[in-house]
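Enquirer: structure of the sequence below:
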Amino acid sequence: MVIFDGVRKVYGQDSIGLDRLSLSIEHGEFVFLVGPSGSGKSTFIRLLIKEIEADEGTITVGGRNLNSMRRGRVPYLRRSIGCVFQDYKLLPGRTVHDNVAYALQVTGETPRGIRRKVPEILSLVGLSEMAQRLPDELSGGEQQRVSVARAFVNHPRLLIADEPTGNLDPDTSIGIMQLLYRINRTGTTVIMATHDREMVDKMQMRVVALDHGRLVRDQRRASYSRADVGAARTPPAG
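Expert: Purely as a prediction, here's the structure:
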């Protein structure tokens, strides 16, 4: 699904974003991207959505070479990748329903398709009864669920979550992680950047650790049981 081959990104003269990073992520994996501030996590994500360009190396996403991708194709790439952010990035003057519908509208979905898909995804994230509320009428956890719904309503093959639980309390964070796990179980590849070590330990998924732009750990957990992950893997109600 994702291949970084010798990728290097330098900001200015001395600030290294990534230092000849090479790794691959298979379709359907759930990968935690960890490391201290300045380790290269944000650079990794920005390169994935072609917000910035690599100075060296090759990046492939879903079989598409980002190095040779024309600028006019970038919006199509981004529409095929779901993104969830720490600060939600919801449209403040639009309802929950309309925030999610917007993600379908920009991809040219028909009104009939929107009427079918939005209620389905709101049911998945447990917000069916809040469809007509505005973002400022929701808790932080509910707003993040809207953000997840918007990112997944097009059923992308890849979902990137950048510190999605950073502004949430521990109990609410567990609910968001349960939701991301359910999405991953549908076949969507999930890459999540996080500082939450406890959550990483609970989920028992693959961990890619960066430090100063270099890969310092790639720990795969190919086998696990439900007893290993406990409540962190229990699907959310609704």
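
Enquirer: per-domain residue ranges of this structure.
Expert: Annotated domains of the chain cover 1-80+156-238, 89-155 [automatic domain parsing].

Enquirer: off-centre distance for the first one?
Expert: The gap between the average C-alpha position of domain 1-80+156-238 and the chain average comes to 7 Å, counting by CA atoms, centre = their mean, to the nearest Å.

Enquirer: from the centroid of the protein, which residue is nearest?
Expert: Nearest to the geometric centre of the chain sits residue 160, at 1.9 Å (CA atoms, centre = their mean).

Enquirer: pull the contacting residues for it.
Expert: 45, 48-49, 81-84, 190-193 (CB atoms under 8 Å, 6 or more residues apart in numbering). Any C-beta I mention is one placed from the backbone N, CA and C, and that applies to glycine too.

Enquirer: quick one, phi psi at it?
Expert: phi -110, psi 130 (degrees, to the nearest 10).

Enquirer: now the one 5 residues further on
Expert: Backbone geometry at residue 165, expressed as degrees, to the nearest 10, gives phi -110, psi 10.

Enquirer: cool, and residue 142?
Expert: The phi/psi pair for residue 142 (degrees, to the nearest 10) reads phi -70, psi -40.

Enquirer: hang on, the earlier thing: which of the contacts of residue 160 are buried?
Expert: Listed as buried from the contacts of residue 160 are 45, 48-49, 81-84, 190-193; burial here means 16 or more other CB atoms under 10 Å.

Enquirer: got those as TSV, with secondary structure columns?
Expert: Shown next, in TSV, are the buried ones among the contacts of residue 160 (DSSP: H, G, I helix; E, B strand; the rest coil):
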residue	secondary structure
45	helix
48	helix
49	coil
81	strand
82	strand
83	strand
84	strand
190	strand
191	strand
192	strand
193	strand
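
Enquirer: if I look at the residue nearest to the centre of the chain, how far off is residue 85?
Expert: Computed as CB to CB, to the nearest Å, the residue 160 to residue 85 distance reads 9 Å.

Enquirer: same deal with residue 135?
Expert: Here residue 135 is placed at a distance of 14 Å from residue 85 (CB to CB).

Enquirer: report the mean per-residue pLDDT for stretch 111-125.
Expert: Stretch 111-125 shows a mean pLDDT of 95.

Enquirer: residues near the spatially closest residue to residue 134 that is not a sequence neighbour, how many?
Expert: Once flanking residues are discounted, residue 134 sits nearest to residue 95: 6.0 Å by CB to CB, 6 or more residues apart in numbering. Neighbours of residue 95 under the rule other CB atoms under 10 Å: 17.

Enquirer: show the pLDDT at residue 95.
Expert: According to the prediction, residue 95 has pLDDT 97.

Enquirer: again, but for residue 236
Expert: Model confidence at residue 236 (pLDDT) stands at 38.

Enquirer: hang on, the earlier thing: give me the distance between the residue nearest to the centre of the chain and residue 83.
Expert: Residue 160 sits 5 Å away from residue 83, going by CB to CB.

Enquirer: shared neighbours of these two, which are they?
Expert: Joint contacts of residue 160 and residue 83 (CB under 8 Å, 6+ apart) are residue 49.

Enquirer: what sits against residue 44?
Expert: Residues near residue 44 by CB under 8 Å, 6+ apart: 4, 18, 21, 33, 193, 210.

Enquirer: measure the residue nearest to residue 214 when sequence neighbours are not counted to residue 56 for me?
Expert: Among residues not flanking residue 214 along the chain, residue 19 sits closest, at 4.9 Å (CB to CB, 6+ apart). Noted for residue 19: a distance of 10 Å to residue 56, by CB to CB.
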